[in-house]
Structures are given as structure tokens and as C-alpha cells.
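Peer 1: got a sequence here, can you build the structure:
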Amino acid sequence: MRRIQHPGPPAPERVAAVAGSGVPLRFVLQPGRMVDEAVAEGMRAAGCIGGFVTFRGGRCEPFRYVMPAASADPRYAAWYSETYEPAGPVDVTRACAIVGIREGKTFLHCHGLWHTADGLRAGHMLAPLTIVAEPIEVTGIGFTDATFEAMPDAETNFTLFEPVPTARDGHGTAGPRMLLAKVRPNEDIDLAIEEICRRQGLAAANVYGIGSLNGVRFADGSKVDSYATEVLIQSGRVSNIDGRPHSKLVIDVVDMDGGIHSGELLRGDNPVCVTFELVIEAAA
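Peer 2: Numbering: from 1, shown residues only. Now for the predicted structure:
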């Protein structure tokens, strides 16, 4: 597989996962609020401190986002583009966010696709700089006793989400039926998800999340050569095949030139670029 060289020493553990008590989420982002503030309010109302949310449709103005880019700083293997602020309202086609904590406050890592006056665009939404213009319905999975916490990462030099348990009563969950997980650079995303499921005893699961890949190879033979990308999972499923978990992911991805691509990943040939954050839900 392709490999990207980050500046720091590789962490010995390439995947991480913690079990949590997941609850279904459904709430509305109210107009006039920053996206991160509006999501934080919905999470608090549900008694949750972290998780995953998705919204289809909705309008924001102003709207700000970035795309993946090369880094001019040797401390980083990849970076972000300039900040884009499209003129006028932006209609969100689909956006997904991992919700966690950074410096004691709710923080969103959000990727998505949106329609601007110049057409369909995609990238990393800057949730603290984007304002809800019309009510947006949000669904997802929240956790009452686990979250993602932003921490310095020596391998990449980024501050990245790590899954952490936060049960206040000192008791764990009844079983690993819901997982918050992370995959580190140069690990194939499908194989890493399968490894997480094996470790946690999940034969079948639904998979949600966002992250970055070092180029993309699709099952239909098409590919994306950009070494830094922004990815959101359209649909993710782990099935039990011959007694072993088998991952199948359909994604949307934007490359460093702003090209948008979609499709099913070719299992075994899609290494993570910087990070990939996941919520994994046990399924029948």
C-alpha cells in the first residue's frame, strides 16, 4: 500500500476503540446559531457528551470550509487549503461530524458536500464559523459515558480526536455494543475496522465516520491519486463472512484539487492519511 511519512514516531497501537452507551439522536439546529453551538445544545439536551451526527439538507449563511492541501511546513505531512467563504446561502447536501471535546468545550470534526452558487463543493466544514440559516434536522448516535477528546498527536503533529471513556460512576457499559474508534496513518481503513470488530467481538456492525485517506482505490477500478483527501462514509457495514468480519464502505471524497468522487472502497488498498474517526454500532 501507499505510505505517507509523518514527522513524528509512529504510535505502537494503530487502532483504538472504547465501548460506550449509545443513544439515538434527533434534534433541530436552530437558525442564527453557529453550527457547533447548535449541535452542542442538541447533544446536551439528550444527555450526551460525544458521538456522531449527520444532516441531509439545510441551509447555512455565512458558510466557511477548507479542503485538503499540501503543507509548506515540514512539521506536517499535509495541511489545509485557504478558507473558502462562498457568496450567499449554501445548501448542505450531506454532512457528517464526529462530536467530542476540545479544551473543555464541544468540538466538531465535520466533512460534507454542499451546493454553492458555483456548484457542488466538498471539504471540511468550519463549524465555529458557519451559521445555520434555516432549521436543520440532525440524526445520529450520542454517548453518555464516552467521547472523543482532542489531544496532541506526536506522530502527525496535529491535535486529533482520541476515543476516551468518561463514565462518571466508575462502571463500564454492559458490553461492547457501541464503539467509538480511531484508525492511525498508513492502516487500510477496511482491514482496521475488521480488526476492531474482531477485538471487540462484533461479527456484524454498522459503521459511521469521517477521516482522510492517502489516495483512494475504488472497487470498480477507478482511483484518486491525491495523497491527502477528506472523506465521509455514505454507508458502512461489517458482515459475518465465513465466521470473520468483512467491511464494506461506500464513501464520498474530495481531493486536493477539489474533485469530488464517490463509490465503494477496494478492501485492502486504502491507507489512512492523517486519521479516521468512527462510531461502530453492533448489528444483527
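
Peer 1: beta partners for Val224?
Peer 2: Going by DSSP bridges, Val224 is paired in beta bridges with Val216.

Peer 1: low-confidence ranges in the stretch 151-284 of the chain?
Peer 2: Screening the stretch 151-284 of the chain residue by residue with the criterion pLDDT under 70, one finds the ranges 167-176.

Peer 1: can you map out the helices along it?
Peer 2: Assignment of helices within the stretch 151-284 of the chain using DSSP state H, counting those that start in this stretch yields the ranges 189-200.

Peer 1: let me know the outermost residue of the protein.
Peer 2: Note on the chain: the largest separation between a C-alpha and the mean C-alpha position, by CA atoms, centre = their mean, falls on Asp242 (29.2 Å).

Peer 1: if I look at that one, how far off is Gly268?
Peer 2: With distances taken as CB to CB, to the nearest Å, Asp242 is found 16 Å from Gly268. Bear in mind the C-beta positions are built from the backbone N, C-alpha and C, glycine included.

Peer 1: now Ala87
Peer 2: Following CB to CB, the distance that separates Ala87 from Gly268 is 43 Å.

Peer 1: so what's the residue most central in space within the chain closest to, chain neighbours aside?
Peer 2: With distances taken as CA atoms, centre = their mean, the chain has Ile210 as the residue nearest its mean C-alpha position (2.2 Å). Nearest in space to Ile210, with sequence neighbours left out and distances taken as CB to CB, 6 or more residues apart in numbering, is His111 at 4.4 Å.

Peer 1: does Glu277 have beta-bridge partners, and which?
Peer 2: Glu277 forms beta bridges with Lys182, Ile210, as assigned by DSSP bridges.

Peer 1: so it is in contact with Ile210, correct?
Peer 2: Yes. Contact between Glu277 and Ile210 holds when scored by CB atoms under 8 Å: they sit 6.2 Å apart.

Peer 1: mutual contacts of these two, please.
Peer 2: For the pair Glu277 and Ile210, residues contacting each of them under the criterion CB atoms under 8 Å, 6 or more residues apart in numbering are Ile98, His109.

Peer 1: quick one, strands of the stretch 51-200 of the chain?
Peer 2: Counting by DSSP state E, counting those that start in this stretch, one finds strands in the stretch 51-200 of the chain at the ranges 59-60, 65-66, 68-69, 79-80, 90-102, 105-116, 119-125, 136-143, 146-152, 159-165, 178-183.

Peer 1: reformat those as a markdown table; add mean neighbour count and distance to Ala204.
Peer 2: Compiled in a markdown table, the strands of the stretch 51-200 of the chain are given as follows (neighbours: other CB atoms under 10 Å; distance: least, CB to CB, whole Å):
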| stretch | mean neighbour count | distance to Ala204 |
| --- | --- | --- |
| strand 59-60 | 21 | 36 |
| strand 65-66 | 22 | 34 |
| strand 68-69 | 20 | 32 |
| strand 79-80 | 16 | 36 |
| strand 90-102 | 22 | 21 |
| strand 105-116 | 21 | 25 |
| strand 119-125 | 19 | 30 |
| strand 136-143 | 22 | 16 |
| strand 146-152 | 20 | 21 |
| strand 159-165 | 18 | 21 |
| strand 178-183 | 25 | 13 |
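
Peer 1: what's the neighbour count on Val279?
Peer 2: The burial count assigned to Val279 is 30, neighbours taken as other CB atoms under 10 Å.

Peer 1: the residue nearest to Cys197 when sequence neighbours are not counted bridge partners, please.
Peer 2: Of all residues not flanking Cys197 in the chain, Pro245 sits nearest, at 4.1 Å (CB to CB, 6+ apart). Going by DSSP bridges, Pro245 is paired in beta bridges with Asn240.

Peer 1: nothing else from me, thank you.
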